[in-house]
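> sequence first, predicted coordinates after that:
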Amino acid sequence: MKLFFTLISLFLANQVFGQNFVLPDSEYMDTASNQNKNCKNFNAYFYSVGGKYPENSSSLLKELQTFQQQKPQYFSGSGYITFRFTVDCEGKLMQRIQVLQTDEKYVSTHFDKSMVNELFSFLKTLNNWRIVKTKNGEAFSYKAFITFKIQNGKVINIIP
């Protein structure tokens, strides 16, 4: 019995559990992991340091459509779901991700949770984030976002 509890404890210790943290004006997802302490952070945004994701919107949209075909689901609603996050100095998505949801008139709203989770799962598959460096060659973290434009429950555009 002691061996059983030891194995369960070891299994649970190695798991990272994502969670949602909902505030009145926003939501955060997957906040359970630590920030990369080896990375400097200058509060730079991707557009000011050349950190845009290397694929264009139309190819990302095709990837998303292929991703969604694995488990087809039907959603409703129109508007925008934006994920704001930090890319660390190793080009990895850091796990404190803010989720902003608005309708077509940019009024705060909430989409079906399974739709948000599906888009979040897709976001986690994007692993070609650029590593940006200072003039001295030192890599650092930067802030980025991806917005999914939704019309009648379908993503019709991705704005990186």
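Here it is on my side, so go on.
> quick check, central residue of the chain?
In the chain, the C-alpha nearest the mean C-alpha coordinate belongs to residue 123, at 4.8 Å (CA atoms, centre = their mean).
> quick one: contacts for residue 157?
57, 61, 148-149 (CB atoms under 8 Å, 6 or more residues apart in numbering). Where you see a C-beta, it was placed from the backbone N, CA and C, and this is true even at glycine.
> what's the answer for residue 153, then?
Counting by CB under 8 Å, 6+ apart, residue 153 has contacts 74-78, 115.
> how about a cut-off of 7 Å?
With contact set as CB atoms under 7 Å, 6 or more residues apart in numbering, residue 153 has these partners: 74-77.
> skipping its backbone neighbours, what lies nearest it in space?
What sits nearest to residue 153 in space, not counting adjacent residues and going by CB to CB, 6 or more residues apart in numbering, is residue 75, at 3.7 Å.
> related to what we said a few turns ago, redo the contacts of residue 157 as a markdown table? Include distance to residue 130.
Formatted as a markdown table, these follow (distance: CB to CB, whole Å):
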| residue | distance to residue 130 |
| --- | --- |
| 57 | 16 |
| 61 | 20 |
| 148 | 21 |
| 149 | 23 |
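> can you pick out the most distant pair from those?
57 and 148 (10.4 Å; CB to CB).
> out of the two, which sits in the busier spot?
residue 148 (25 against 15; other CB atoms under 10 Å).
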